[in-house]
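1. Fold the stuff below for me.
(chains A and B)
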Amino acid sequence: MPLHIVVLAKQVVDPETPLSAFQVDGRRVVVPSNMSPVVNGFDEQAVEAALRVKEQTADAHITILSLGTDFALDVVKKPLAMGADDLILLEDPMFENSIDPTVAVAALTAAIRKLGDVDLLLAGRQASDWDNAQVPLGIAETLGWPVATVAKKVEVNDAMLRAERVLPEGHEVVEANLPAVVSVSNELGTPRYPNMRGIMAARRVQPTIWTASDLGLDAALLAPAFELMELAKPQSNVETEMIVGEDDEDAGRKLALRLREARVL
Amino acid sequence: MAGNGILVIGELAGGALATSTLEAIATARGLAASLPGEPVGVLLTGSGLADAAQTAIAHGADLVYTVDSPAFEDAPSDLLVAAAHATVAQAGPRSVIGTKTLVSRDVLPRLAFRLGTALAQDCTALAVDDQERLLATRPTYGGNAQATIACLGSPAVATVRAKTTDPLEPDAARTGQVIPVEVALDGVLKTRPIERVEQASEGLRLEDAKVIVSGGRGLGGPEPFKQLDVLATLLGGAVGASRAACDAGWVSSSYQVGLTGKTVTPDLYIAVGISGASQHMAGCSNAKTIVAINKDPGANIFKEARFGVTGDWEKVLPAFVEQLHELLD
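-> This is a model prediction of the structure:
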């Protein structure tokens, strides 16, 4: 039996979207149609972690699970181009991106149960849209699997997980039996770029699509935890004073004098 | 919605009650003001909790639930979730609150899902609405948007961003009740801590620094951080960095200020070569004064900074430091 690794990869609004292009319409975030979405950065790191485990394992298979609506196929196929084997899209109007992680946890858990033979579940430490950092923990809790968060290294030996977790001052090594859940942080390192061969291979892969009913889910099973009351752009009330000099050195000196004058120093 | 007050998931730091927990107790007291007669409880886990329990009471707790065991030493979240879950069952709170620390960022989401709900994460304000629901305000999209959500689960579960509330002044005359909670911890530990590698942090902790000099992508390499260090030393402060500088390997990740790094609240935050992505600002926007030096006049940092210089940091910074020397001598 190959080691079956599932990686969660979420399609998100590009976090590099400039604030000025970023609009809130009612309870939704709207970005201009010429801004392409991206795979959540931490999830790309989780894909990289999976590929490194696969390279160290005789026989491993990587399935990407992506949940949402309005998928851009060339975006969600990026993990395939990096080297993952399969892509399953959980696509249903009920899976619309929400600040409430309840639906995502229920649907992704149902998908993992449907797959049946998952040994290791990897995901980014959080998604750059809602920054909830809850879905991997919620899935682990629902399945009763061990979980390690904010990992910078993931290894599997003899059905045993070994992960290095980032701490504010250092790191912690943890072990757990498989199946297990790991959330991955940017300290793991830069994800590999897809090469031409990977891109061509990804083009040929036809994603599997599972809807809510394929997963045995209905609205009654997906009771929300939150009601979104308001979504707004925060107002900055800082008035910036630009210090100008004859040249850069002069500006530096004037900055020091101004900070002294303003009693900041 | 039934009553039974607010339960704070407490944490210790070096044997004493963590400042973040004192802040959470103050937040809970604020909420309890809208819920007459309902108690503020605090859960403490560890061994030798008597002093910390009294500190919690002096700072506003009515009830302190204790799970006394040496097993909590490395704060394994499997055990903490079990302790919190048992305490919620015993105390029956309407809301459970933690702060977004290393420990509770694992424990609170798991507790929420074990209780059949989800967590309102990293909130900057909490309130009780006219239906007695917990209303949580939180930054999203890396700070580009702000959401207000009503928690529908019972209990509601929320974490609060550090430094959003000041601890209450301690009152040694306050009284409260300490209630031991029995929790079966055998067989609960599934993710086993094997080894902890501490990276000796040099000098002042970023979280405690009154002045922080931070460097970003614009510095172009590790060398310039020495200059930041000189400036920080001159001002009695510490050096920080953006995620870009940490990811590039110029400084270790323990320097990182931001959403996924440290949340800092210095009096003065000097950002050098930092564009000011919202991801970074989430960690430093509570600084009293932000000063930015950046060559890009359109950089987002200038929208958040009180004082700014558009220019080449290699020229601006040495002149700034030299002038400071003159002023401070």
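2. Now tell me what touches the strand or helix carrying B:A24 from outside.
-> Taking DSSP states H and E as the definition, one finds B:A24 inside helix B:19-32. The contact list for helix B:19-32 (C-beta atoms under 8 Å, 6 or more residues apart in numbering or on different chains) reads B:5-6, B:8-13, B:38-40, B:42, B:55-56, B:59-61, B:95, B:97-99, B:101, B:126-128, B:134, B:160, B:162-168. C-betas here are computed from N, CA, C, even on glycine.
3. B:V8 falls within a strand, correct?
-> Yes - under DSSP: H, G, I helix; E, B strand; the rest coil, B:V8 sits within a strand.
4. Contact partners for it?
-> B:V8 neighbours (C-beta under 8 Å, 6+ apart): B:T21, B:A24, B:I25, B:A28, B:V40, B:G41, B:V42, B:L43, B:A61, B:V96, B:I97, B:G98.
5. about what we covered before: list the strands paired with whichever helix or strand comes after the helix holding B:A24, with their directions.
-> Using DSSP H and E, the next helix or strand after helix B:19-32 towards the C-terminus is strand B:40-46. As defined by DSSP bridges, the strand partners of strand B:40-46 come to strand B:6-9 (parallel), strand B:63-68 (parallel).
6. Off-centre distance for the shortest one?
-> Between the centre of strand B:6-9 and the centre of its chain there are 16 Å (C-alpha atoms, centre = their mean, to the nearest Å).
7. With stretch A:26-34 instead?
-> 19 Å.
8. Name the residues that touch the lowest-mean-pLDDT helix or strand in chain B?
-> Lowest on mean pLDDT, DSSP states H and E among the helices and strands of chain B sits helix B:278-284, with a mean of 88. Identification of contacts with helix B:278-284 by C-beta under 8 Å, 6+ apart yields A:15, A:19, A:128, B:139, B:141-144, B:212, B:214, B:216, B:240, B:242-243, B:256-264, B:266, B:269, B:271, B:274, B:290, B:300-301, B:304.
9. Do a quick rundown of the strands in the stretch 51-200 of chain B.
-> In the stretch 51-200 of chain B, the strands defined using DSSP state E, counting those that start in this stretch lie at B:63-68, B:95-99, B:119-123, B:125-128, B:134-140, B:145-151, B:156-160, B:177-180, B:192-198.
10. what would those strands look like in CSV with distance to A:D43?
-> Listed next are those as CSV, based on distance: least, C-beta to C-beta, whole Å:
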stretch, distance to A:D43
strand B:63-68, 36
strand B:95-99, 25
strand B:119-123, 18
strand B:125-128, 29
strand B:134-140, 17
strand B:145-151, 20
strand B:156-160, 22
strand B:177-180, 43
strand B:192-198, 26
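11. can you tell me which of these comes nearest to A:I209?
-> strand B:134-140 (27.9 Å; C-beta to C-beta).
12. Pull out the buried residues from the contacts of helix B:19-32.
-> For those, a neighbour count by 16 or more other C-beta atoms under 10 Å in any protein chain shown gives the buried set as B:5-6, B:8-12, B:38-40, B:42, B:55-56, B:59-61, B:95, B:97-99, B:101, B:126, B:128, B:134, B:160, B:162-165, B:167-168.
13. For the stretch 101-250 of chain A, which segments are assigned as strands?
-> Under DSSP E, counting those that start in this stretch, the stretch 101-250 of chain A gives strands at A:120-124, A:147-157, A:160-167, A:170-177, A:180-184, A:208-210, A:226-232, A:241-242.
14. Any chance of a markdown table for the ones you listed, columns mean neighbour count?
-> Below are the strands of the stretch 101-250 of chain A laid out as a markdown table (neighbours: other C-beta atoms under 10 Å in any protein chain shown):
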| stretch | mean neighbour count |
| --- | --- |
| strand A:120-124 | 28 |
| strand A:147-157 | 22 |
| strand A:160-167 | 21 |
| strand A:170-177 | 20 |
| strand A:180-184 | 29 |
| strand A:208-210 | 16 |
| strand A:226-232 | 17 |
| strand A:241-242 | 12 |
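15. By mean pLDDT, show me the worst of those.
-> Here the strands of the stretch 101-250 of chain A differ in mean pLDDT, and the lowest is strand A:226-232 at a mean of 93.
16. Could you spell out the sheet neighbours of that one, each with its direction?
-> strand B:145-151 (antiparallel).
17. remind me which residues of chain B are low pLDDT?
-> Counting by pLDDT under 70, chain B has low-confidence residues at B:1-2, B:200-202.
18. Mind doing that once more with 80?
-> Applying pLDDT under 80 to chain B flags residues B:1-2, B:102, B:142-143, B:199-203.
19. how is it carved up into domains?
-> Chain B resolves into domains spanning B:6-180, B:206-328 when parsed by automatic domain parsing.
20. Read off the pLDDT value for A:P32.
-> For A:P32, pLDDT reads 79.
21. Kindly report the same for the one 3 residues further on.
-> Among the per-residue scores, A:M35 holds a pLDDT of 85.
22. Run through the residues that contact it.
-> A:V13, A:D14, A:T17, A:A21.
23. tell me which element it is part of?
-> Applying DSSP H and E, one finds A:M35 in no helix or strand.
24. If you count contacts, what does the helix or strand B:T233 falls within end up packed against?
-> B:T233 belongs to helix B:225-234 when assigned by DSSP H and E. Judged by 3 or more C-beta pairs under 8 Å, 6 or more residues apart in numbering or on different chains; DSSP states H and E, helix B:225-234 is in contact with strand B:211-215, strand B:238-241, helix B:313-328.
25. Determine which of the ones you listed approaches A:L215 most closely.
-> That would be, of the helices and strands packed on helix B:225-234 and by C-beta to C-beta, strand B:238-241, which comes in at 42.7 Å.
26. list the helices and strands the closest one packs on?
-> Using 3+ C-beta pairs under 8 Å, 6+ apart, strand B:238-241 sits against strand B:211-215, helix B:225-234.
27. export these to JSON lines and tack on mean neighbour count?
-> JSON lines is the format used below for these (neighbours: other C-beta under 10 Å):
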{"stretch": "strand B:211-215", "mean neighbour count": "28"}
{"stretch": "helix B:225-234", "mean neighbour count": "18"}
